[in-house]
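Asks: sequence first, then the predicted structure, then my questions.
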Amino acid sequence: MFSRALFAIAALTPLVAAHGALKFATVDGVRYNAPNPNGDSGDFTIRAVNDINPVKGTDNPDLNCGHNAQKAALVADAQPGSVVGFAWANGEGGTWVHNTGPVMTYMASCGDGGCANFDAGNAQFFKIAEQGKKADGTWTMAELNAGPDATTTITLPSDLPAGEYLIRHELIAMQLGMSPGGAEFYPACFQVRLASPSRTAAELPSGSNVVTFPGGYGDSDPGILDADIYNPGHDYVFPGPPVISSEATNPAPSDPSADPSNPPADTASVPSGTTPTSSPASAAPAPTSGNGCGGNPNRKVKRVVKRIVRQGPLITKKKRSVAAAAHQKRVEQYVPTVNSRVMRGLKV
Ligand SMILES: [Cu+2]
């Protein structure tokens, strides 16, 4: 009994550090803490989740707002064009570890009843921002690796009807995304009240701009199943609907960097002040040895990962944590070798 308990703790500890949850959001610099995962859901604006593990599978009901997400009692005040930041923590409240994959943000009207009573299963989500791979080859998600309170930021649209909205913010950690079912989804829902729009338009997006979760993604969609995710020359394709067009989320036509035929990956990114200052030598994805399931897997790792992922849907939750621990051990074993080769410019 005793040794079994010890084994369980030993097996779980690195996993706790490897995954995580939304830690807080900011609106124009005002901070709104998220409830602790599994903790008191109390008076918050962010919906409480009860698990720091990733949501797996695009038909999973928890793809909506996270594991067993509970409605929050409060809403945060926001303005059209407000800058909203998101900080993620690992399972111990420390720095987020994953660095490969998209950061996407959706909104949905909570309707006349307000967000405190709103069932997100019915939410008509439209995408307001997608942030992926940057010109230097690193991902926006990696900015979260800078420290425990590092944020990524987006700008709210300026032309939505006034009212209460769910902001569904999502990281997809893609380090296992080269195999079916490997993508790790981390969704979180933040309840805001949006003041009157700064421009007239004030209609909710509709039609093909709108999706539900689950429903908005498929397991083999580009950007969710992506064999080339670690290929430096690979153009990442975001899953889900297009980003709605608005002054706030698209560069004005006069912007010389704007190219309508090739929208920038960092559509709604604004400087957050927490971007790590990186030397040119660190332009490649940061080595993540000891960081749980991150890193640049080589073929051997890919094979192991493939096998584990294949087992995923068939095995029980308990067995899954054992399989994940085995996967992690193997990744930790191989990633330092692969990274050191990558750093020295050798073939992997
Ligand atoms: Cu993880």
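Replies: Arrived safely, thanks for sending.

Asks: any weak-confidence spans in the stretch 201-348 of the chain?
Replies: Along the stretch 201-348 of the chain, the model assigns pLDDT under 70 to residues 201, 246-348.

Asks: hmm, 50 instead?
Replies: 247-292, 294-348 (pLDDT under 50).

Asks: equivalent analysis for the stretch 1-150 of the chain, please.
Replies: For the stretch 1-150 of the chain, the ranges with pLDDT under 50 are 1-14.

Asks: where exactly do the helices run in it?
Replies: 2-18 (DSSP state H, counting those that start in this stretch).

Asks: residues in contact with the residue in it that the ion sits nearest to?
Replies: Ranked by C-beta to the ion, the top residue of the stretch 1-150 of the chain for proximity to the ion is His19, at 3.7 Å. The way it works is simple: take the backbone N, C-alpha and C, and place the C-beta from them, glycine included. Counting by C-beta atoms under 8 Å, 6 or more residues apart in numbering, His19 touches Ile52, Asn53, Pro54, Asn90, Gly91, Glu184, Tyr186, Gly292.

Asks: how close does it get to Ser245?
Replies: 34 Å (C-beta to C-beta, to the nearest Å).

Asks: same thing with Val97?
Replies: Counting by C-beta to C-beta, the gap from Val97 to Ser245 is 34 Å.

Asks: isn't Ile154 up against Thr140?
Replies: No: in this structure Ile154 lies outside contact range of Thr140 using C-beta atoms under 8 Å: 10.0 Å.

Asks: can you give me the end-to-end distance of stretch 177-185?
Replies: 10 Å (C-alpha to C-alpha, to the nearest Å).

Asks: pLDDT on that stretch, on average?
Replies: Taken as a whole, stretch 177-185 has an average pLDDT of 97.

Asks: let me see the ranges of the strands in the protein.
Replies: Secondary structure of the chain (DSSP state E): strands located at 20-27, 30-33, 76-78, 83-90, 103-109, 125-131, 151-155, 163-173, 184-194, 210-211.

Asks: now these as a markdown table including mean neighbour count?
Replies: What follows is the strands of the chain, written out as a markdown table (neighbours: other C-beta atoms under 10 Å):
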| stretch | mean neighbour count |
| --- | --- |
| strand 20-27 | 23 |
| strand 30-33 | 15 |
| strand 76-78 | 19 |
| strand 83-90 | 24 |
| strand 103-109 | 25 |
| strand 125-131 | 26 |
| strand 151-155 | 24 |
| strand 163-173 | 25 |
| strand 184-194 | 24 |
| strand 210-211 | 18 |
